[in-house]
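> coords below, sequence missing:
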């Protein structure tokens, strides 16, 4: 796909068809995205692929529980604006997505956040090339339960940076929200 | 350009032709990159475009000075491995690049690092589509001198996340360093 067309068409998608995503496509997207640059070519990323709606719901429930606890401990936490949804049994932070790619790595790695974000940009583009929609779900990253973490292959020092939901978009993809003109503080020529 | 071709050809480039980059192309790259997603469509990014080698060298000198001070204050800082270069008058952290796009924003914004990294991925791809090379230079991000910051339009709470050098690559672009097989901790189906 032409790059300019791709970036104009890539949208964050939160409503998916029932159609499952093949595990081979999910693995291919992860493999291809290793072409992303990393600081000092460090490649600190590690991944969990979840292609199962029951497990996706369990991760959502666990993250919601921990985010509500955060709000109760500190009502000034910026997460508070999501409190209504987080307290609702009906709300799945991953919406109705059939698949989830979790991008993360060792929490003490100095460049983990930016390296994982670069990887996430590649995953979202790789998915769009294949007709798949994605959305980075930050509300799905607070997974603490040791038993669940172990089930997902996460060591105690593993930090989830980018949980990316994936699936085939349902209905018409809405136009991209308008971008602000970039704020250029200074041009030095 | 075809997306798959683009991601295979995009490389971090540290050696550039003398050929300058037009300011219109630099502005176009920034504008196009606002198509990157941000958390909650927050678009917290702010930019400085430097198309002037003297200013690029001044930013390099300022960042080197502050990084050396960091190493002196804490010899366990991971920056210490770069100490040799940082103490050398001949080393410009931005190499011989003719242009620099600085991506950053308000330091207290919760998602600033990942939002700016997503933007950086778009900038690096947008440049590659136009035959330009780029490299994210983390060693160029420690700019503290209030006078220089003011000259660059940076408010006191502005945090530099991604200084990206840009120019026309000199010579043959070397093959991409081999990527490790992705570490997939678990696949849940």
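That came through fine. Note that the coordinates shown come from a computational prediction; the quantities given were computed from them, not determined experimentally.
> C-alpha from now on. contacts and neighbour counts both.
OK.
> In terms of secondary structure, what does the top helix by length along chain A contact?
Ranked by residue count under DSSP state H, the longest helix found in chain A is helix A:53-73. Identification of packing neighbours for helix A:53-73 by 3 or more CA pairs under 8 Å, 6 or more residues apart in numbering or on different chains; DSSP states H and E yields helix A:83-86, strand A:99-106.
> who wins for proximity to residue A:124 among these?
Nearest of these to residue A:124, taken as CA to CA: strand A:99-106 at 10.4 Å.
> Next secondary structure element downstream of that closest one?
Going down the chain from strand A:99-106, the next helix or strand is helix A:112-129, by DSSP states H and E.
> that older thread, the longest helix of chain A to strand A:99-106, inter-axis angle?
Inter-element angle recorded for helix A:53-73 and strand A:99-106: 50 degrees (by axes from the mean of the first three to the mean of the last three CA atoms, to 10 degrees).
> which residues sit against helix A:53-73?
The contact list for helix A:53-73 (CA atoms under 8 Å, 6 or more residues apart in numbering or on different chains) reads A:50, A:77, A:79-80, A:83, A:86-87, A:92-94, A:97-100, A:139-145, B:188.
> Report the buried members of the residues you listed.
Burial by neighbour count, judged by 16 or more other CA atoms under 10 Å in any protein chain shown, picks out A:50, A:80, A:86, A:92-94, A:97-100, A:139-143, B:188 from the contacts of helix A:53-73.
> hmm, which two among those residues are most spread apart?
Longest distance between any two of the buried ones among the contacts of helix A:53-73 is 30.9 Å, between A:80 and B:188; criterion CA to CA.
> who does the strand ranked longest in chain A touch, helix- and strand-wise?
Ranked by residue count, the top strand of chain A under DSSP state E comes out as strand A:158-167. Applying 3+ CA pairs under 8 Å, 6+ apart, we find strand A:158-167 packed against strand A:99-106, helix A:112-129, strand A:133-136.
> ok so, going back, show me the contacts of helix A:53-73 that map onto helices.
Counted as lying in helices by DSSP H, out of those, are A:83, A:86.
> coming back round to it: from the buried ones among the contacts of helix A:53-73, which single one is nearest residue A:175?
Distances from residue A:175 to the buried ones among the contacts of helix A:53-73, taken by CA to CA, are shortest for residue A:97, at 20.2 Å.
> How much space separates the residue lying closest to residue A:108 once chain neighbours are set aside from chain B?
Closest residue in space to residue A:108, ignoring its immediate chain neighbours: residue A:157 at 7.8 Å, by CA to CA, 6 or more residues apart in numbering or on different chains. From residue A:157 across to chain B, the span is 13 Å (CA to the nearest CA, to the nearest Å).
> need the contact list for residue A:157.
Contacts of residue A:157 by CA under 8 Å, 6+ apart are A:106-108.
> ok, back up a step: okay, and which of the contacts of helix A:53-73 map to strands?
Using DSSP E, the contacts of helix A:53-73 in strands are A:50, A:99-100, B:188.
> Just put these in a markdown table and tack on distance to residue A:40 and pLDDT.
Formatted as a markdown table, the ones in strands among the contacts of helix A:53-73 follow (distance: CA to CA, whole Å; pLDDT from 0 to 100):
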| residue | distance to residue A:40 | pLDDT |
| --- | --- | --- |
| A:50 | 29 | 98 |
| A:99 | 31 | 98 |
| A:100 | 28 | 98 |
| B:188 | 31 | 97 |
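> would you list the helices and strands packed on helix A:53-73 in JSON lines and tack on distance to chain B?
Supplementary listing: the helices and strands packed on helix A:53-73 in JSON lines, determined by distance: least, CA to the nearest CA, whole Å:
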{"stretch": "helix A:83-86", "distance to chain B": "15"}
{"stretch": "strand A:99-106", "distance to chain B": "9"}
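> Buried only: go through the contacts of residue A:157 for me.
Among these, those classed as buried by neighbour count (16+ other CA under 10 Å) are A:106-107.
> if we can go back for a sec, same question for the longest strand of chain A, mean pLDDT?
For strand A:158-167, mean pLDDT rounds to 98.
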